[in-house]
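*Asks:* For reference, the sequence and a predicted model appear below.
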Amino acid sequence: MEKITQYFFYINLLIVLSFIFHIQFKNWFILLHICFSIIYNVLSKYVDLYLKNNVETEHRKTFIKNALNANITENNSTNNYYNNSEKESIKKMGLNCFESLLFSEFIANKMIREEFLKTTGLVLIFISLVISTHNLLDFTLLISQAFLSLEKLYLFIKLLYFKNHVTVLYSDIYSLFVTSRPKNDQVLIAKILDITMNYECLKYFCKISLSSRIFNKYNSALSKEWDDIYHKKIEGTNANQ
């Protein structure tokens, strides 16, 4: 559904780009643009408010199921998803969150570079439209494009917000398991729950869909990095203790 929504957005963008030049049947293209904009906004809100909420709810259930071996859902999508050999426990939950944060920070950082270029391009298109506006229909188009540009700008700011908070959470959980592990198990459990809940709340608030393309491209490298962290800095430390 997100891909379908994006198709409507880029069709709109192509229509808008054509308005910078002199084309026939411009009035009809403007009306078509407005219709596609309405469809885009309806679909994007449906995905954001309904589908993503359902996905996040199910993800939390599978996350808890994997960490605590609690049969609260029939979904087994996280089987072989997390890579650690811990028994079902709060500690395993923390390590699963640790691994997720490692991937999320890297992918979000890559996405920021791409989304910055897209957002900048939209701003330039909007400025071009402002310059070329001469009549009422052009002004209507300008308002419509302004809403699309502002929404993309908002999504970019939200991605920045998500990435910055993920970086902080990753730093906290890295310190918790690697550099400054508490000697008291109760403190360890409390901090794991705090970080995990903060991450789940962050995902629920931002509803950022991390790029599957970037994930697939860097999955092997990130998995190796996680294996090095877990086996050399966490599992090895526990064995020495």
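*Replies:* On my side now, so go ahead. Residues are numbered from 1 along each chain as shown.
*Asks:* what about the helices in this structure?
*Replies:* With DSSP state H as the criterion, the chain has helices at 2-19, 26-46, 52-68, 90-132, 136-174, 185-206, 212-228, 236-240.
*Asks:* How far off centre is the fifth one?
*Replies:* When C-alpha coordinates are averaged (Cα atoms, centre = their mean, to the nearest Å), helix 136-174 and its chain have centres 12 Å apart.
*Asks:* got the angle for it vs helix 2-19?
*Replies:* 140 degrees (axes from the mean of the first three to the mean of the last three Cα atoms, to 10 degrees).
*Asks:* Same question for the second one.
*Replies:* Relative orientation of helix 26-46 and helix 2-19, computed by the same axes, to 10 degrees: 160 degrees.
*Asks:* Flag every buried residue along helix 26-46.
*Replies:* By neighbour count on 16 or more other Cβ atoms under 10 Å, the buried set for helix 26-46 is 26, 29-30, 33-34, 36-37, 39-41, 43-44. Backbone N, C-alpha and C define where each C-beta goes, glycine included.
*Asks:* Output those residues as CSV; include the columns distance to residue 9.
*Replies:* Output for the buried residues of helix 26-46, formatted as CSV (distance: Cβ to Cβ, whole Å):
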residue, distance to residue 9
26, 21
29, 16
30, 17
33, 11
34, 14
36, 8
37, 9
39, 10
40, 5
41, 10
43, 9
44, 8
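*Asks:* Can you add pLDDT and distance to residue 163 and give those back as CSV?
*Replies:* Shown next, in CSV, are those (pLDDT from 0 to 100; distance: Cβ to Cβ, whole Å):
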residue, pLDDT, distance to residue 163
26, 67, 40
29, 75, 37
30, 75, 36
33, 78, 32
34, 79, 33
36, 83, 30
37, 81, 28
39, 88, 30
40, 87, 25
41, 85, 25
43, 91, 25
44, 89, 21
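*Asks:* any idea which helix or strand of this protein has the worst average confidence?
*Replies:* helix 236-240 (a mean of 55; mean pLDDT, DSSP states H and E).
*Asks:* hang on, residue 147 packs against residue 38?
*Replies:* No - look at residue 147 against residue 38 with Cβ atoms under 8 Å: they stay out of range, at 10.3 Å.
*Asks:* Give me the residue at the spatial middle of the protein.
*Replies:* When Cα atoms, centre = their mean is applied to the chain, the residue found nearest the centroid is residue 208 (2.5 Å).
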